[in-house]
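# Sequence and predicted model, in that order:
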Amino acid sequence: MGGDCGTHVDSPSHFIAGARTISDLQLGELIAPLIIVDVEAQCADNADYELNVEDLLRWEAKHGRIPDRGLVCMRTGWSRRFCDVTRYRNTNEQTKQMHFPGFSRAAAEFLTTERNIVGVGIDTLSLDAGISQTFDCHQVMFAHDKYQVENLMLDGICESGAVIAVLPLRVKQAPEMMARVVAFVPR
């Protein structure tokens, strides 16, 4: 069964042999405070935008410290392209290089060493920008035993105060798997 399509979860074993798989993820970490860092404006100006520590600190200045055991998601606006694969992948036809936003290595390191999160999510194909050759966000998150959620629909969800439930198919030893993701927003 292919698990790396549509909205899906990557477990640490996606990059690290012997690390936790989808079936090892616990419900207590898959239901978490939802943090949405909205960088749609930056991404509209730069398809290769990478979320940085300053973006995270701006979010905290507005909403308070990132909650413990939260899932930090980057809202790029890319989900509105989801039904148009050409625009979603945003591939340069000459170089075959994809262009879409992602997390910077510095942001991933900050979140895994300075904050206590369960993982990260994004509304693009990957947590790393499309131009990445080294997949730094993947490397950092998985080295710190965090999970990732890709291809999310984050439009219209508040930046703070919501709870997210990430529900991947619990396939034994799968490194990644499709998921149903639900946000519970305050009234």
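Sure thing, it's come through.

# which other residues reach stretch 74-88?
36-40, 43-44, 49, 51, 90, 100-103, 120-125, 151-155, 157 (C-beta atoms under 8 Å, 6 or more residues apart in numbering). All C-beta spots, glycine's among them, are computed from the backbone N, C-alpha and C.

# Buried subset of these, written for PyMOL?
The PyMOL selection below is limited to those of the contacts of stretch 74-88 classed as buried (16 or more other C-beta atoms under 10 Å):
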select buried, resi 36+37+38+39+40+43+49+51+90+100+101+102+103+120+121+122+123+124+125+151+152+154+157
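
# For the longest helix along the chain, which helices and strands make contact with it?
Assignment by DSSP state H gives helix 53-63 as the longest helix of the chain. Packed against helix 53-63 by the contact rule (3 or more C-beta pairs under 8 Å, 6 or more residues apart in numbering; DSSP states H and E) you find strand 31-38, helix 105-113.

# What's the first helix or strand after the lowest-mean-pLDDT helix or strand in the chain?
With mean pLDDT, DSSP states H and E as the measure, the helix or strand of the chain carrying the lowest mean pLDDT is helix 85-89 (a mean of 93). Counting by DSSP states H and E, the next helix or strand C-terminal to helix 85-89 is strand 102-103.
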